[in-house]
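**Q** Dropping the sequence and predicted coords here.
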Amino acid sequence: MTDPRGGGLPALSAPTIRVRHLWHFYGAREVLRDVSFDVGPGEIFGFIGPNGAGKTTTIRIMATLLEPLAGRVEVDRHDVAIDPDKVRRVIGYMPDHAGVYEGLTVREYLEFFADAFTVQNIGVVDAVIELTELTNLQDRLVPALSKGMKQRLQLARILLHDPKVLILDEPASDLDPRARIEMRDLLLELRELGKTIFLSSHILTELSDVCTSVGILERGRLLVAGPIREIAAELDARTRAAVTEAVPPPMAALGQTTPDTPADSRLEPAPAPLPTAPFPVPDGQAPPLVFGGGGFTAPTTTTGGASIPAATRKRLKLRVLGTSEPVVPLLAGGGGVLSVEAAPNGHLSLEYVGDDRFVAEVVRHLVAHGVGVVAVEPERNELERIFLEITRGELQ
Ligand SMILES: Nc1ncnc2c1ncn2[C@@H]1O[C@H](COP(=O)(O)OP(=O)(O)OP(=O)(O)O)[C@@H](O)[C@H]1O
Ligand SMILES: [Mg+2]
């Protein structure tokens, strides 16, 4: 690939995995429909989707075990259909369910595969055992390992030929919470070693702090792909537009740009408008929108009738000094606030639409009104939120 700016030099950031217009069928059943995405060098790319979405099919095509019926897949610039041998040399592929051989110890198993991969340096087995922390298990029989240990052994196996790209189908399935954390740390370590990692998973919360980018697949279609932050920002912008329509802007907008702001002030890029705005003071110049059963509830539809997607509503848990009931009117009616509920022991639950600046504004506002804020805890994992918002829960 050449630099699109010309000059014929190789582009510095040519994607390590490039998928273009990929289709696949099993018989007459369409399983992948025009899937295109890139994975850049050094990324940890999470491929997420419900059961049957087509993740394993895509992965098997990347791993040269299935031929694409239409479209192109390149790994490290080698086309999987034209140069499968070259692709196999640069990838380490861990299937979702790998068999392990009976009667071999961990070390013997790895030495066997090192031979099969014609790995010359016998020190590699030691290095891989150390890296995957299998030292204490190296003399155990493979069938006697737990599922998590077997998964770790599979990862060790695919590292033997020092591949540039790791393709892992559900590497964290069957793992207990501790083993998942260890797997996550290992993936981060492998990334530090320069590997590009493509992995599929259902376990959203585990992935969000390890993945640099994600792709979400549903019913064979790629719904979105890119860095998590960019996707989240895009969703927030969409939601903000829906909410701006649904929730009238508060009257007294402290520190907000007004429509009268002189044109000059636009020389500096203004921050994106917040769905939040200053919260009403207790005597309530900005009346709550709709009152109901204990807290207040903002409309769930826009004035145009479009609903505010449930998954874009976020929750924030707060704990304040003293009781939480007097704090409710400080928050209710604030721009972006959908509902506020007081709970015992100073706990509050706030449903809102907005980004991190909303949370910062809530804290600032409460502190300014003399409330002692003890804890602030966003409730929904960002990747989970994206997933819920983007997918429709359809299985194929
Ligand atoms: N060998 C096969 N023959 C026929 N249909 C298949 C075959 N393998 C998979 N499918 C079908 O293709 C679709 C995609 O399957 P795939 O295994 O790629 O999904 P997945 O996203 O990996 O799902 P999971 O999360 O359950 O692993 C499913 O509808 C599945 O039933
Ligand atoms: Mg699968």
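**A** Right, received. Where do you want to start? Ligands and ions are numbered 1, 2, ... in the order given.
**Q** Could you show which parts of the stretch 51-200 of the chain are in contact with ligand 2?
**A** Neighbours of ligand 2 within the stretch 51-200 of the chain, by C-beta under 5 Å from the ion: Lys55, Thr56. C-betas here are computed from N, CA, C, even on glycine.
**Q** For the stretch 51-200 of the chain, give me the ranges with low pLDDT.
**A** 100 (pLDDT under 70).
**Q** Which single residue in it comes nearest to ligand 2?
**A** Nearest residue of the stretch 51-200 of the chain to ligand 2 (C-beta to the ion) works out as Thr56 at 3.2 Å.
**Q** for ligand 1, what are the nearby residues on the protein?
**A** Tyr26, Val31, Gly49, Asn51, Gly52, Ala53, Gly54, Lys55, Thr56, Thr57, Gln396 (C-beta under 6 Å from any ligand atom).
**Q** that older thread, leaving out chain neighbours, which residue sits closest to the residue of the stretch 51-200 of the chain closest to ligand 2?
**A** In this structure, Thr56 finds its nearest non-sequential neighbour in Asp169, 5.7 Å apart by C-beta to C-beta, 6 or more residues apart in numbering.
**Q** My guess is the one you found contacts Thr58. True?
**A** No: using C-beta atoms under 8 Å, Asp169 is not in contact with Thr58, being 9.6 Å away.
**Q** And these two? Which one has more around it.
**A** Taking neighbours as other C-beta atoms under 10 Å, Asp169 and Thr58 compare with Thr58 leading, 30 against 22.
**Q** In the sheet, which residues pair with Val75? Tell me.
**A** Ile17, His78 (DSSP bridges).
**Q** residues contacting it?
**A** By C-beta atoms under 8 Å, 6 or more residues apart in numbering, the contact set of Val75 is Thr16, Ile17, Met62, Val87, Val90, Ile91, Val165.
**Q** let's see it at 7 Å
**A** Ile17, Met62, Val87, Val90, Ile91, Val165 (C-beta atoms under 7 Å, 6 or more residues apart in numbering).
**Q** care to break the chain down by domain?
**A** 17-219, 274-282+294-390 (automatic domain parsing).
**Q** Leu235: which of those domains is closest?
**A** Across those, the minimum distance to Leu235, taken as C-beta to C-beta, is reached by domain 274-282+294-390, at 5.7 Å.
**Q** What strand or helix carries the closest residue to Asp209 other than its chain neighbours?
**A** Sequence neighbours aside, Arg184 is the residue nearest to Asp209 in space, at 7.3 Å (criterion: C-beta to C-beta, 6+ apart). Using DSSP states H and E, Arg184 sits within helix 177-192.
**Q** what about Val374, distance to Pro143?
**A** Computed as C-beta to C-beta, to the nearest Å, the Val374 to Pro143 distance reads 51 Å.
**Q** That should have said Ala70, apologies.
**A** From Ala70 across to Pro143, the span is 41 Å (C-beta to C-beta).
**Q** what about Arg18, distance to ligand 2?
**A** 21 Å (C-beta to the ion, to the nearest Å).
**Q** Run a quick neighbour tally on the closest residue to that residue other than its chain neighbours.
**A** Excluding the flanking residues, the one nearest Arg18 by C-beta to C-beta, 6+ apart is Glu74, at 4.4 Å. Each residue near Glu74 was counted by other C-beta under 10 Å, and the total is 22.
**Q** do Met94 as well
**A** Count around Met94 with other C-beta under 10 Å applied: 20.
**Q** same question, Leu168
**A** The burial count for Leu168: 25, using other C-beta under 10 Å.
**Q** Verify the contact between it and Pro95 for me.
**A** No: contact criterion C-beta atoms under 7 Å: Leu168 and Pro95 do not qualify, at 9.0 Å.
**Q** Give me the distance between Val353 and Val75.
**A** 40 Å.
**Q** what does Phe358 give?
**A** Computed as C-beta to C-beta, the Phe358 to Val75 distance reads 41 Å.
**Q** How about Leu155?
**A** With C-beta to C-beta as the criterion, Leu155 and Val75 are 19 Å apart.
**Q** for the stretch 201-350 of the chain, which spans come out with low pLDDT?
**A** Within the stretch 201-350 of the chain, the segments meeting pLDDT under 70 span 203-208, 236, 238-312.
**Q** Span of stretch 74-89 from start to end?
**A** 13 Å (C-alpha to C-alpha, to the nearest Å).
**Q** hmm, back to that, quick check: beta-bridge partners of the residue nearest to Thr56?
**A** For Asp169, the beta-bridge partners under DSSP bridges are Ser200.
**Q** Check whether it really touches Ser200, as I assumed.
**A** Yes: when contacts are counted by C-beta under 7 Å, Asp169 is listed as touching Ser200 (5.3 Å).
**Q** Would you mind listing the residues touching both of the two?
**A** Common neighbours of Asp169 and Ser200 (C-beta under 7 Å, 6+ apart) are Ile59.
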